[in-house]
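Student: Just to be clear, the model below is a prediction. Sequence and coordinates:
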Amino acid sequence: MAKKPKKLTARVTFLEMSKRHFHNMPKPSRPRLALMRAENIPVAFYRYLYEQVGRAHHWELRRKMSDEELDKIINDETTQIDVLYADGCAAGFFELDMKEMPEALELAYFGICSTHTGMGIGKWFLASAIEAAWDHDPEKIKVHTNTLDHPAALRLYQRLGFEPVGVGEETVEVWD
C-alpha cells in the first residue's frame, strides 16, 4: 500500500514594491561570486538548482511538472533566470516572470543553496535580483514568501523595500 504524502501548512505573505529603491550593496569578497544569466537552460540543470534551493523549504510546484511543461516555462521569452555562482559552483538562482508586464513583474523564485546560506551573500544577491527586475521597467515587482522559507526571508524582503499586501495559507507536500 502506498504511503500517503505528508502535508505541511504554511502562512504566505504577498509583497509588492512599487518604486525603485537604490541599494548600494557591496558584493561580498568571500566567497568569490558571479551572477550569470542562464539562456536555454537545460531542464536537468534547472531541476538541480530547484532542488538544491527548494528542498529544505518544500517547494513543490515545479517538481511535479513534466520536463516538457517545465522547459516551456523556463525557456519562455517572458522568463529570466540568473544563476549565482560561489567559487565557481552553483550557489543559488532567481527567476523573473514577466508575463504581466508592464503592469507587474514577479520574482517567482529566489534562493541560495543550503551549502551557501549563512555566508552573508543573501542581501547582496536579493538586491541584485531586485535591480535586474527593475531593469525591465515594470510598474511594480511582486514576490511572495511563506513560513517554510528561510526564517529571515520576510524581514529581508521588507528591509529591501517590499511591502506586504496580503496573506494566505497554502498546503504543500513534504519534500523527503
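Tutor: Perfect, thanks for sending it.

Student: does the residue nearest the centre of the chain sit in a helix or strand, and which one?
Tutor: Centroid check for the chain by C-alpha atoms, centre = their mean gives residue 110 as the closest residue, at 1.5 Å. Residue 110 is part of strand 105-112 when elements are defined by DSSP states H and E.

Student: Likewise for residue 136?
Tutor: Per DSSP H and E: nothing holds residue 136, as it lies in no helix or strand.

Student: And the spatially closest residue to it that is not a sequence neighbour, what's its pLDDT?
Tutor: Excluding its sequence neighbours, the residue lying closest to residue 136 (C-beta to C-beta, 6 or more residues apart in numbering) is residue 105, at 5.7 Å. Every C-beta, even on glycine, is put in place using the N, C-alpha and C of the backbone. pLDDT for residue 105: 98.

Student: What segments of this protein are strands?
Tutor: Here the chain has its strands, by DSSP state E, at 7-17, 33-38, 79-86, 89-97, 105-112, 141-146, 163-173.

Student: now the angle from the fourth one to strand 141-146?
Tutor: Spelled out, that is strand 89-97. Orientation of strand 89-97 against strand 141-146 (axes from the mean of the first three to the mean of the last three C-alpha atoms, to 10 degrees) gives an angle of 120 degrees.
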